[in-house]
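Novice: Generate a structure from the sequence data that follows.
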Amino acid sequence: MSPVVIIALVVVVIIVVAVIASRRASGGTAERPSAAMKWTVTEVVRETPTTVSFGVDATMDFQPGQFVLLRPKAELHWRAYSFSRAPGQPLRLTVRRVENGTVSTHLTSQLAVGDTLEVKGPYGHFVMPAIVTRGLFIAGGSGVTPFLSWLHALDGRGWPFAITFIIGNRSAQEQILKAELDALEAKSKGKLTCVHVTDDVQGPLTKELLGALLEKVEAPSFIALCGPEPMMVNAREVTSARFSGVTVLEEKFTPSADVVGAGPGTTLELVQDGKVKPFEVKPGEHVLAAARRAGFDLPSGCEMGACGACRVKLHEGDIQIPDDACLSDAEKAQGYRLICVGNAKGAARFESSP
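Specialist: Numbers count the residues shown, from 1 in each chain. Here you go, the predicted structure:
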């Protein structure tokens with residue numbers, strides 16, 4: 001290969017890495033809500049007492065780690081579920097029942113072959129960077145799902161780098177797709193090391209336990225986390241302290257919770273159908289939740305700030321959103337906000353984005 005060609009390839013790699021870094025630094029770009037598709041369930045498999053996997057009669061072009069928005073009935077909310085296989089394999093979603101979760105309860109207790117599902121997507125930025133030399137993955141419960149998509153994809157690539165994968169569950173009975181993980185670990189021929197932890201044996205993934213598990217782990221070039229928020233907090237703190245400066249990618253898999261405080265609320269104004277409709281937002285309450293409480297039907301999707309389905313345009317005032325919400329700096333500068341994770345910063349007026 002000539003020096004000119006080598007230089008050109010190096011330049012291309014640098015540009016790709018720079019684009020990825022820029023996108024992550026800006027929080028990505030919100031995907032526009034796609035038209036709903038109809039999928040028919042072709043298979044339902046009970047994985048654990050609280051978890052099912054199901055196949056569908058469809059294909060989809062997606063990246064490993066991405067999710068779709070799904071609802072089994074029109075009267076239920078849309079919810080986000082990740083693929084648990086890689087692109088090119090038969091589509092499979094894996095769902096664990098969430099306490100008081102109407103959609104997950106329906107899917108894990110009532111879903112049957114032949115049922116029709118409404119689906120939008122794919123969405124999400126839980127995608128591996130182009131260049132990884134060693135990975136550290138940490139999952140809790142159903143947070144294992146997007147990692148399975150990654151692992152199947154890496155298996156298809158011949159396991160290009162080594163991975164330590166720490167997986168926490170309540171008990172051995174609740175380990176999701178454990179046999180499949182064992183098979184992938186065996187196929188990797190030492191490239192994948194799975195460390196299974198259960199609450200009833202070792203205890204939950206506390207900072208102390210995670211610290212002990214990571215003592216003999218080689219420094220990774222990339223870290224990815226997905227699981228319940230308490231586990232995420234612990235993993236974030238321990239990994240950042242032990243592996244300072246390493247890129248960390250996180251995926252939420254539960255809707256962002258409201259933390260409603262005491263005190264007077266704030267009046268926001270929704271511009272809808274040419275009319276201005278005021279409603280109250282309580283301290284700490286997300287704007288979408290307050291709008292629903294007032295009886296307004298606004299578009300929504302994952303309710304985690306990851307899909308962009310609830311994007312609105314500010315006219316006046318401001319709505320504060322987390323840094324990891326899927327809006328670019330340019331979109332924020334244009335006045336766009338995500339109300340599923342947005343909190344009022346004083347009075348504001350906004351309209352639903354077309």
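Novice: For the rest of this, base every contact and every neighbour count on C-alpha atoms.
Specialist: Fine.
Novice: Can you check which strand is longest in this protein?
Specialist: strand 37-48 (DSSP state E).
Novice: tilt between whichever helix or strand comes after that one and strand 37-48?
Specialist: The first helix or strand that comes after strand 37-48 along the chain, using DSSP states H and E, is strand 51-56. Taking axes from the mean of the first three to the mean of the last three Cα atoms, to 10 degrees, one finds strand 51-56 and strand 37-48 inclined to each other by 150 degrees.
Novice: Strand partners (parallel or antiparallel) of strand 51-56?
Specialist: strand 37-48 (antiparallel), strand 92-96 (antiparallel) (DSSP bridges).
Novice: Name every strand pairing with the following helix or strand past that strand and say which way it goes.
Specialist: The helix or strand immediately downstream of strand 51-56 is strand 67-71, counting by DSSP H and E. Partner strands and pairing direction for strand 67-71 (DSSP bridges) are strand 79-82 (antiparallel), strand 116-123 (antiparallel).
Novice: The next helix or strand after the longest one: how far from the chain's middle?
Specialist: Helices and strands here follow DSSP H and E; after strand 116-123, the next one along the chain is strand 134-140. The chain centre lies 15 Å from the centre of strand 134-140; the measure is Cα atoms, centre = their mean, to the nearest Å.
Novice: cool, and stretch 73-88?
Specialist: Counting by Cα atoms, centre = their mean, stretch 73-88 comes out at 11 Å from the chain centroid.
Novice: same deal with stretch 269-286?
Specialist: Distance, centroid of stretch 269-286 to centroid of chain: 27 Å (Cα atoms, centre = their mean).
Novice: For this structure, just list every one of the helices.
Specialist: Taking DSSP state H as the test, the helices found in the chain are 3-25, 102-109, 144-156, 178-187, 207-213, 229-242, 287-293, 329-333.
Novice: winner for burial among those helices?
Specialist: helix 144-156 (a mean of 22; mean count of other Cα atoms under 10 Å).
Novice: coming back round to it: would CSV of the strands paired with strand 67-71 with mean pLDDT, mean neighbour count and distance to residue 216 be doable?
Specialist: Output for the strands paired with strand 67-71, formatted as CSV (pLDDT from 0 to 100; neighbours: other Cα atoms under 10 Å; distance: least, Cα to Cα, whole Å):
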stretch, mean pLDDT, mean neighbour count, distance to residue 216
strand 79-82, 92, 26, 31
strand 116-123, 94, 20, 35
